[in-house]
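Novice: Just need the structure, nothing else, for what follows:
(chains A and B)
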Amino acid sequence: MSARARFATGAGTLAAATVYLVATTTRLGLLFYLPTRGEWTFDPPTGVIAMDWFARSNATLAAGALATWAAWRWAPSDPKRCARHAGRLWALGWMMLGWSAAYTAMWLIAQR
Amino acid sequence: MFWIKLGLVLHTIAAGALTGSVTHLALTLRKARRGRPNPRLQRLYPAVAAGCYLAVYVLGTLIYPRYRVEVRANWLDDHAPWASVLFDLKENLATLLGPLVLAMVVLSRAEEPAKPSRALLGCAAAVALGVWFNVVSGLLVGSMRSV
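Specialist: Below you'll find the predicted structure:
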């Protein structure tokens, strides 16, 4: 039970951090909110305030929740194997989270 | 205007409760790993933290567009660009804490209270640090033009 939970949450963390990083670096397929117009668009016009945070944030949280559920469901049945993979998933998940936070800080500072 | 202010106040209250619950959880788990578990609190704090995170997230989402136009675009970007960067960093960090909050809830339900894993303690400590950073950042940005 414990190894399975660590496996599932490690997968969820890794998936969320990966989706966040891909969405932040590529901006591919992001839905933008235009707060001055109250509209949503994939192709924001230049010179208009456009917010991509909603799409990036919701995609990140959805990916984390979905991957946690899927990994829980399809976790290896052998507890030892499950624990070994859980350790690897968490190591990768922490690395991706750290990388995402560092990239975001550098990206925001570079924009100024 | 009233609803936005009310949303901001509730967002702040929920953020305070989140900070308290997750900081206490990290300290409780540290004790548990040293042989002094508290099963009731080790189950309660993650649930409270998750509820508060959800409230902070939803309320923040509702008031964010107003901030982006009225505060950031109309004032911060011209007079205090560092505050704009700090606020954006806080918002993105809050997103990255989401999967760790979920992990905290799942792990605290699945694990033996007497033997919390390093993953659970790591989640609680990381969320606590992130939330403290966000609260201080929010306070700094929110207090612009006050003191």
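Novice: From B:Leu62, how far off is the residue positioned nearest the centre of chain B?
Specialist: The centroid of chain B falls nearest to B:Val131 when counting by CA atoms, centre = their mean (3.8 Å). In this view, B:Val131 and B:Leu62 are 19 Å apart by CB to CB, to the nearest Å. C-beta here means a position set from N, CA and C on the backbone, and glycine is covered the same way.
Novice: So, low pLDDT: which residues of the chain?
Specialist: As the question left the chain open, I've gone with chain A. Applying pLDDT under 70 to chain A flags the ranges A:1.
Novice: meant chain B actually
Specialist: Checking chain B against pLDDT under 70 turns up B:147.
Novice: how about the helices of it, start to end?
Specialist: All helices of chain B, identified by DSSP state H, fall at B:2-33, B:39-66, B:77-79, B:81-110, B:118-142.
Novice: what about the host helix or strand of A:Met106 and chain B, any contact?
Specialist: Using DSSP states H and E, A:Met106 maps to helix A:79-111. Yes. Residues of helix A:79-111 are located near chain B by CB under 8 Å from any CB of the partner chain, namely A:86, A:90, A:93-94, A:97, A:100-101, A:104-105, A:108-109, A:111.
Novice: List the residues that contact the residue nearest to A:Glu39 when sequence neighbours are not counted.
Specialist: Once flanking residues are discounted, A:Glu39 sits nearest to A:Tyr33: 7.6 Å by CB to CB, 6 or more residues apart in numbering or on different chains. By CB atoms under 8 Å, 6 or more residues apart in numbering or on different chains, the residues touching A:Tyr33 are A:39-40, A:50-51, A:54-55, B:65.
Novice: Let me see the contact set for B:Thr23.
Specialist: B:128, B:131-132.
Novice: what's the burial count for B:Arg34?
Specialist: Neighbour count for B:Arg34, taken as other CB atoms under 10 Å in any protein chain shown: 8.
Novice: Distance-wise, check it relative to chain A.
Specialist: 19 Å (CB to the nearest CB, to the nearest Å).
Novice: B:Tyr45 now?
Specialist: Distance from B:Tyr45 to chain A, by CB to the nearest CB: 17 Å.
Novice: And for B:Ile4?
Specialist: 13 Å.
Novice: and what of B:Thr23?
Specialist: From B:Thr23 to chain A the distance is 19 Å (CB to the nearest CB).
Novice: related to what we said a few turns ago, so the residue nearest to the centre of chain B touches B:Ala15, yeah?
Specialist: Yes. Using CB atoms under 8 Å, B:Val131 is in contact with B:Ala15, at 7.3 Å.
Novice: center of chain A - which residue?
Specialist: A:Ala16 (2.6 Å).
Novice: And that residue, which helix or strand is it part of?
Specialist: Per DSSP H and E: helix A:2-26 holds A:Ala16.
Novice: so what's A:Ala17 closest to, chain neighbours aside?
Specialist: A:Met96 (3.6 Å).
Novice: Now do the one you found: how many residues are near it, please.
Specialist: 20.
Novice: Next, the angle from the helix holding A:Ala16 to helix B:81-110.
Specialist: 160 degrees (axes from the mean of the first three to the mean of the last three CA atoms, to 10 degrees).
Novice: What about residue 61, how many residues nearby?
Specialist: No chain in the question, so chain A it is. Neighbours around A:Leu61, by other CB under 10 Å: 21.
Novice: my question was about chain B
Specialist: If we define neighbours as other CB under 10 Å, then B:Thr61 has 16 of them.
Novice: Please list all residues in contact with B:Pro65.
Specialist: A:33, A:35, A:51.
Novice: ok, back up a step: quick check, the residue nearest to A:Ala17 in contact with A:Thr24.
Specialist: No. When contacts are counted by CB under 8 Å, A:Met96 is not listed as touching A:Thr24 (11.8 Å).
Novice: Leaving out the residues flanking it, which one is nearest to B:Asn134?
Specialist: Per CB to CB, 6+ apart, closest to B:Asn134 is B:Lys90, 4.7 Å.
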